[in-house]
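*Asks:* Generate coordinates for the sequence data below:
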Amino acid sequence: MASYAERTAFVTGGTGFVGSHLVEELLHRGMDEVRCLVRTDPKWLSDLNVTPVHGDLSDVEVLWEALDGVDEVYHVAGRTRAPTEDAFYEANVQATLNLLGAVQHAAPDLDRVLVTSSLAAVGRCHDDVATEEVPLRPVSMYGRSKAQMEQALRERPETTPESYAETLPLTVVRPPAVYGPRDRDILDFFRAVKRHVCPIVGGGSARTLSLVHVRDLATGMVDAARHPGAHGETYFLGSARPHAWNEVKQAATAALDTWAVTLPVPGPLLGAVGAMAEAWGWATGAHPPLNRDKTREIRHACTACSSEKAARDFDYDPSIPLDDGVARTLHWYEEHGWL
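*Replies:* Just a heads-up that it's a prediction; the model follows:
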């Protein structure tokens, strides 16, 4: 591949948490032009030197124009919560197929398309730590949509004799839980710790989880997209090792210079809380981050993964320790009045 200074990237989901950090990583490496799909509000991209592309993944002609002359595509856009299977399918499967169809039309000779999936696609797993070889048995609507998306990459569309995996230089990455500045999903956990309560499903050491800082994830995504040997491969991009929730609690209390009491949350109780939160969401016109679908994932899906394959293939090496990453995140929350 040529140097970054001579290249153009197209990013979907760049206005979001992970996507905005990915855009910053591309600019940091000297990417000549970064085009970002923007619906209305550029959000975290406002002060960055990017080329906004106004539209969404249903606007095929917009995608054709945006992809003209592009060298690399980073598909980060997707929905992490939605009220129905159809809504997840439209946002996470059909939108991906729309993008890949546009790539075939407008940039068939590009170097790489990096597609973002999730550890949630794995679901139930007999192993404590998932590898890329385990079968996909998702338990949530979100996880099923990501598994369906991965499967759709290997299926032959009605209009072509070959699958996208056969005709395009695809790489799939599956992040586990991601944290860092701009993330709202784990913010409530840190708010609870600041109030001296640490809610943990099953207790502090019952299960481990892979928790990757968003900067490490962004670095790994670009490295995967740039490595010739990653063509056609799927990778977990997680932490150096899984962590117990007690470790996360200790990192948070140390960074906040406070104390917190662990509050074990039984699985059935978590499910009830998710149902009540979802009911309140229906009443207020919002879909809360903790809902029945999410509680099924928390209770039954695999939460830890191995990044050994990525380390072996392109030297993936997450460099931000948990204590440091949590401290940086909490400092950002406090600076921006979120905590």
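*Asks:* Enumerate every residue touching the residue most central in space within the chain.
*Replies:* For the chain, the residue sitting closest to the mean C-alpha position, by CA atoms, centre = their mean, is residue 175 at 5.4 Å. When the contact criterion is CB atoms under 8 Å, 6 or more residues apart in numbering, the partners of residue 175 are 18, 116, 118, 119, 212, 217, 236, 237, 238. Quick note: C-beta positions are derived from backbone N, CA and C, even for glycine.
*Asks:* Output those in a markdown table, with secondary structure appended to each entry.
*Replies:* Rendered in a markdown table, the data for the contacts of residue 175 read as follows (DSSP: H, G, I helix; E, B strand; the rest coil):
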| residue | secondary structure |
| --- | --- |
| 18 | helix |
| 116 | strand |
| 118 | coil |
| 119 | helix |
| 212 | strand |
| 217 | helix |
| 236 | strand |
| 237 | coil |
| 238 | coil |
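*Asks:* of those, closest to residue 65?
*Replies:* residue 116 (22.9 Å; CB to CB).
*Asks:* Pull the number of nearby residues for that closest one.
*Replies:* The burial count assigned to residue 116 is 25, neighbours taken as other CB atoms under 10 Å.
*Asks:* If it is in a bridge, with which residues?
*Replies:* Here residue 116 sits in beta bridges with residue 173, going by DSSP bridges.
*Asks:* now it: how far from residue 218?
*Replies:* Residue 116 is 11 Å from residue 218, where distance means CB to CB, to the nearest Å.
*Asks:* Could you do residue 69 as well?
*Replies:* Distance check for residue 69 against residue 218: by CB to CB, it reads 24 Å.
*Asks:* Same check on residue 38?
*Replies:* For residue 38, the distance to residue 218 - CB to CB - is 19 Å.
*Asks:* More neighbours: which of these two?
*Replies:* Neighbour comparison, residue 38 and residue 218: the larger count goes to residue 218, with 26 against 19 (by other CB under 10 Å).
*Asks:* does that one really touch residue 25, like I thought?
*Replies:* Yes: when contacts are counted by CB atoms under 8 Å, residue 218 is listed as touching residue 25 (4.1 Å).
*Asks:* show me where the stretch 1-150 of the chain has strands.
*Replies:* Counting by DSSP state E, counting those that start in this stretch, the segments of the stretch 1-150 of the chain that form strands are 8-12, 33-38, 51-54, 72-75, 112-116.
*Asks:* repeat for the stretch 201-339 of the chain
*Replies:* Defined through DSSP E, counting those that start in this stretch, the strands belonging to the stretch 201-339 of the chain, from first to last, are 208-209, 211-213, 234-236, 243-244, 261-265.
*Asks:* Looking at the residue nearest to residue 30 when sequence neighbours are not counted now. What's its pLDDT?
*Replies:* Leaving aside its sequence neighbours, residue 30 sits nearest to residue 4 (CB to CB, 6 or more residues apart in numbering; 4.2 Å). Looking at residue 4, its pLDDT reads 76.
*Asks:* what's the average pLDDT for stretch 213-231?
*Replies:* Regarding stretch 213-231, the rounded mean pLDDT is 97.
*Asks:* measure residue 181 to residue 243 for me?
*Replies:* Between residue 181 and residue 243 the distance is 19 Å, computed by CB to CB.
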